[in-house]
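J.: With the input below, show me the fold.
(one chain, ligands or ions: 1)
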Amino acid sequence: MDKIMSLAKRRGFIFQGSDIYGGLTGTWDFGPMGVELKNIVKRLWWDMFITRRSDMYGIESAILMNPKVWEASGHVQTFTDPLIDCKKCKSRFRADKIDASKGCPNCGAHEFTEARAFNLMFKTHAGPVEDSGSQVYLRPETAQGMFVNFKNIIDSFHPKLPFGIAQIGKAFRNEITPGNSIFRSREFEQMEIEYFVRENDWEKSFENWLSEMHRWMKMIGITNAHDREVPKEDLAHYSKRTVDIDFDYPFGREELYGIAYRTDFDLKNHIEKSGADLSYLEDDGNRFVPHVIEPTFGVERTILALLVSAFEEQQLEKDTRTVLHFKPQVAPVTVAVFPLVSNKENILEKARGVYTELKKEFRTAWDDIGNVGKRYRRQDEIGTPWCVTIDYDTLENDTVTVRDRDTMQQERVAIGDLPAFFREKLKA
Ligand code: ATP
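T.: The predicted structure follows:
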């Protein structure tokens, strides 16, 4: 994990939030490579689950919502983790995440306070008066945005069941013990789907969505994922069935994604608390409240799983090569262009031409610092699948070398053929 995080920092993926002030626990900033990777993930996800489907409606709801939303959803009452304090060193822990019989993970003492319920929602105030009437929460999940917009979607699009509403956005949780880098933070992004079905269809739909989630992971290159049926006694207050998809992180097997059958819990509660009619009218005049399947995906945990899946340290004859084997569709940089030398104007000019052309279509980087070997290493570390070098032969015959990240093989390709060459590779 330390190796991955130091690579992530060195190469501009992930930085500690507010770093120059000593950081702020549970917050992370994303550098040029990290934000590119995040945007790619979010774009691919949106494309697969919204744009390419005819039964999905994308939305973007506000982070601040009427506090009644969180009363109806049950978050005000039950969105809590059990908090215990070590009586000796005063460190705080989630009672369900430590083995108290082994003592305090910080000082080893065996004396803890009783566990008490700690609500994870961040509170703030809307407007200039800070009284209980102005109190609002930073949303702890994006899901409620879909439920409160259910009627808007029905009224404007008249969708037929089954259909889904989805969004990507920030969520905030005042985690007791954030940690393992971006795995558990206090501010993160979710990609969530609420898929509305007839009650009788929930099991079939659950299975379909679970396999769609696996198709997604395969497409972006996440390996080592395992389904875990959440036991009845551990289910969230709204769920009748939940499968967590766990991933083998360097710190152990933990949740990556989840899928839950939320029944009609949310819509029913919003009907009760808001008075709005959140029912669905069947063609035959039958009116009912749909049930819902919720596949949920954390963006940061996706990024971490991608980094872990892609990371390799290869022992070469003379040294070690660090590579991120990202799938080309996911890599923040698709092609890097190098002039063999940086002091020959005719080579530089040719290279600039290639760079400008490729940049129109592909995520293209330029590197003319140090020797070509060093540049390969830098690109390997950010997972760039192909490096193009413009050399003396290019001046003679308009061909360049294309070096493959995984095989380290080089081949000569005509400059004019480069776009088609990469297009073909990206299809694979
Ligand atoms: P955990 O048991 O790890 O606290 P959870 O079961 O509370 O997670 P959900 O409420 O199901 O998580 O949230 C949906 C998704 O949001 C998770 O599958 C995960 O990908 C992501 N997620 C949840 N909490 C965090 C967090 N603190 N930091 C980063 N991602 C998170």
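J.: residues near the residue of the stretch 51-200 of the chain found nearest the ligand, how many?
T.: Taking Cβ to the nearest ligand atom as the measure, the stretch 51-200 of the chain has residue 188 as its residue closest to the ligand, at 3.7 Å. C-betas here are computed from N, CA, C, even on glycine. For residue 188, the count of nearby residues is 21 (other Cβ atoms under 10 Å).
J.: got it, and residue 344?
T.: Neighbours of residue 344 using other Cβ under 10 Å come to 16.
J.: do residue 364 as well
T.: One way to gauge burial is a neighbour count; for residue 364, by other Cβ under 10 Å, it gives 21.
J.: And it, what's its pLDDT?
T.: Each residue has a pLDDT score; the one for residue 364 is 98.
J.: List phi and psi for the closest residue to it other than its chain neighbours.
T.: Beyond its immediate neighbours in the sequence, the residue positioned closest to residue 364 (Cβ to Cβ, 6 or more residues apart in numbering) is residue 358, lying 4.4 Å away. Note on residue 358: its backbone torsions stand at phi -70, psi -40 [degrees, to the nearest 10].
J.: all numbers from here: first residue = 24
T.: I'll keep to 24 as the first residue from here, and by that count the last item is residue 381.
J.: OK, contacts around residue 381?
T.: 358, 360, 387, 411, 441, 442, 445 (Cβ atoms under 8 Å, 6 or more residues apart in numbering).
J.: Helix or strand for the closest residue to residue 390 other than its chain neighbours, just tell me which one.
T.: Using Cβ to Cβ, 6+ apart and skipping residues adjacent in sequence, the residue nearest residue 390 is residue 398, 4.7 Å away. Take DSSP states H and E as the rule and residue 398 turns out to sit in helix 395-405.
J.: can you give me how far that helix is from the chain middle?
T.: In terms of Cα atoms, centre = their mean, to the nearest Å, the centre of helix 395-405 is set 26 Å apart from its chain centre.
J.: quick one: contacts of it?
T.: Residues external to helix 395-405 that are found in contact with it (Cβ under 8 Å, 6+ apart): 30, 33-36, 56, 344-347, 354-356, 359, 361, 363, 388, 390, 392, 410, 412, 426, 428, 431.
J.: next helix or strand past it?
T.: On the C-terminal side of helix 395-405, the closest following helix or strand by DSSP H and E is strand 409-413.
J.: and that next one with helix 395-405, angle?
T.: Between strand 409-413 and helix 395-405, the angle comes out at 160 degrees (axes from the mean of the first three to the mean of the last three Cα atoms, to 10 degrees).
J.: count of neighbours near the residue in the stretch 224-373 of the chain that the ligand sits nearest to?
T.: Residue of the stretch 224-373 of the chain nearest the ligand, by Cβ to the nearest ligand atom: residue 321 (2.2 Å). Applying other Cβ under 10 Å, we find 23 other residues in the vicinity of residue 321.
J.: so is residue 447 in a helix, a strand, or just coil?
T.: Three-state secondary structure (criterion: DSSP: H, G, I helix; E, B strand; the rest coil) places residue 447 in helix.
J.: quick check, distance from stretch 184-201 to the centre of its chain.
T.: With Cα atoms, centre = their mean as the basis, stretch 184-201 stands 11 Å off its chain's centre.
J.: Work out for me the element residue 227 sits within.
T.: Residue 227 belongs to helix 225-243 when assigned by DSSP H and E.
J.: anything in the helix or strand that comes right after that helix near the ligand?
T.: Proceeding C-terminally, helix 225-243 gives way to strand 248-252 as the next helix or strand, assigned by DSSP H and E. No - looking at strand 248-252 against the ligand by Cβ under 6 Å from any ligand atom, there are no contacts, and the closest approach is 11.1 Å.
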